[in-house]
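Asker: pasting a predicted model and its sequence here:
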Amino acid sequence: MASDKQDELRFQLLSAQLELARSEDRAVVVLVAGHAGTGKGHLINRLNHWLENRLTEVQALVPSEDDRRHPYWWRYWTRLPPRGRIGIFVHGWVGDALFAGAARRLGEGALADRLQEIVTFESDLRAAGITLVKLWLDIDVEVQGQHLAALEADPETRWQVTEEKWQRHSQHEAIQQLGQQLRKTTATDESPWLCLDASPGSDLLTPVVEHMIAAMEGAGRLTETTARPVIEHSVLKAVPQLSDLAEHTGAIGKVEYREQLASAQAQLAELARRAVWRGIPLVVVFEGHDAAGKGGSIHRLTSALDARTYRVHSIAAPSEQELRYAWQWRFWQRLPIDGSVAVFDRSWYGRVLVERVESLIDEPEWRLGYHQIVDFENQLLSHGTVLVKLFLAINSDEQLKRFKARAVTPHKQHKLTDEDWRNRARWDDYQQAIDEMLAATHRSEAPWTLVDANDKRRARLAVLHEVTARLADRLQVDQ
């Protein structure tokens, strides 16, 4: 009878997984956390045997050198499963926080900050259509000690008991208290914690599978678009607005430009080398009107850098593969390692610009995007990244002039597309979206620099000067 029930349960789980794979409307992340000696590995092996494991991936992370050379959350964002798949994380971000707190590598304040980061991360997962199943395996400290001793005494199971597990046993009380705090902080109606007694002999598979089936069949595409609190800005200067550029400066002559360009590039090259030596990552974001000269400015910027140290990422519409992940995923994938540079020719701000104006997403989604962008940039900054955000602005008349010039210049015709003309037809809508974007995401720690690009030469110099100034500030050197 029990076997019949298990067969039925296994069939239901597999059916739910195959429907997930067929529809590709969401992904599932299973987080398995808890005390040592609770049989997490055995549970996951049995669960993986019941599932179609070609559609499942288990992540038991020991941070690599590559992980450490990126912002903390990079290791999880880049390992998320695509829509239609299941990802199982052993301990994951929860274990990182708990064990660091128990070992006092994270103080009380830092741990509280990490818990809020977990809340934000899990909220972003749900907003991206990821069903999150969270499991906590509990065990009494005395039972845990007896179980570990019994495993260690048996030659066939001795390999399972490591020094780290005995350390976790000695930290049982701290992990128990921190675990209660963490579960209380991160539990939601959409992603509750399932807490199970994992004493030896307990049946974990049945309640876990039942919980997974309920989550997978009842979730649908969860899009968390409820309003978050208004973003608090620590702004040291006025938020830049496009109207600030109504009176732009005149053109600069060729000779003077070439002299200033050579000097500016030499200065930037010296500071960029220092940043590489010190392992400081640099991210430069270029946004702007069509035909504002982003490509030319990027070329002058990268001409001052060692080609081995930078990558230029031209961001267009997401590919079919990228659409299977959370929208932030493709930007986490492109972040530089420590001591390298990433230049974004358009960026994550497309979420609140083109996706908004072209109605590719609903208003609650792009409004949530402001908060998600700030959260993302906070992760870069907390890792020590120098983040430079540049918006190259031109007026409507100058844009039309450049469009017409491109249309009759053979080697520039490829730059002018039907999309450019469509965007121009919605000039006023884009102007409003740009000003609101600047207001929502301009902060003292991640400010926007508004560049008057009506004269390309002055714009290119302004870009070089701003990147140089930000590096000089980070390196604490005089220019």
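Answerer: Arrived safely.
Asker: all contacts plus neighbour counts: C-alpha atoms, from now on.
Answerer: Will do.
Asker: so which bits of the helix ranked longest in the chain are buried?
Answerer: Assignment by DSSP state H gives helix 254-277 as the longest helix of the chain. Buried residues in helix 254-277, defined by neighbour count with 16 or more other CA atoms under 10 Å: 257, 261, 264-265, 267-269, 271-276.
Asker: what of stretch 171-190?
Answerer: Q171, H172, A174, I175, Q176, L178, G179, L182, R183, T186, E190.
Asker: re earlier: switch the buried residues of helix 254-277 over to CSV; also include pLDDT and distance to V209.
Answerer: Output for these, formatted as CSV (pLDDT from 0 to 100; distance: CA to CA, whole Å):
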residue, pLDDT, distance to V209
Y257, 95, 68
L261, 97, 64
A264, 98, 62
Q265, 98, 60
Q267, 97, 61
L268, 98, 57
A269, 98, 57
L271, 98, 55
A272, 97, 53
R273, 97, 54
R274, 97, 53
A275, 97, 50
V276, 96, 49
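Asker: and of these, the nearest to L111?
Answerer: If you rank the buried residues of helix 254-277 by distance to L111 using CA to CA, A275 comes first, at 29.6 Å.
Asker: tell me how many other residues surround the residue nearest to the closest one when sequence neighbours are not counted.
Answerer: Computed as CA to CA, 6 or more residues apart in numbering, the closest residue to A275 that is not its neighbour in sequence is G339, at 6.2 Å. Using other CA atoms under 10 Å, G339 has 20 other residues around it.
Asker: quick check, G339 in contact with A272.
Answerer: No. Taking contacts as CA atoms under 8 Å, G339 lies outside contact range of A272: 9.1 Å.
Asker: Q267 versus the nearest residue to A326 once chain neighbours are set aside, what's the distance?
Answerer: Nearest residue to A326, sequence neighbours excluded (CA to CA, 6+ apart): A128, at 5.0 Å. A128 sits 42 Å away from Q267, going by CA to CA, to the nearest Å.
Asker: one more: R46?
Answerer: To Q267, R46 is 60 Å away according to CA to CA.
Asker: identify the bridge partners of L194.
Answerer: L135 (DSSP bridges).
Asker: mind listing what it touches?
Answerer: Contact partners of L194, counting by CA atoms under 8 Å, 6 or more residues apart in numbering, are K134, L135, W136, H211.
Asker: quick one, grab the pLDDT at it.
Answerer: At L194, the pLDDT value in this model is 97.
Asker: one step back: so which of the buried residues of stretch 171-190 belong to helices?
Answerer: Among the buried residues of stretch 171-190, DSSP H puts H172, A174, I175, Q176, L178, G179, L182, R183, T186 in helices.
Asker: max pairwise distance over the residues you listed: which two?
Answerer: H172 and T186 (20.5 Å).
Asker: tell me which stretches of this protein form strands.
Answerer: 27-34, 56-59, 86-90, 130-138, 193-197, 282-288, 310-314, 341-345, 386-393, 448-452 (DSSP state E).
Asker: the residue nearest to G39 when sequence neighbours are not counted - how many residues pack around it?
Answerer: Counting by CA to CA, 6+ apart, G39 lies nearest to A198, which is 7.3 Å off, once chain neighbours are set aside. Counted by other CA under 10 Å, the residues lying close to A198 total 22.
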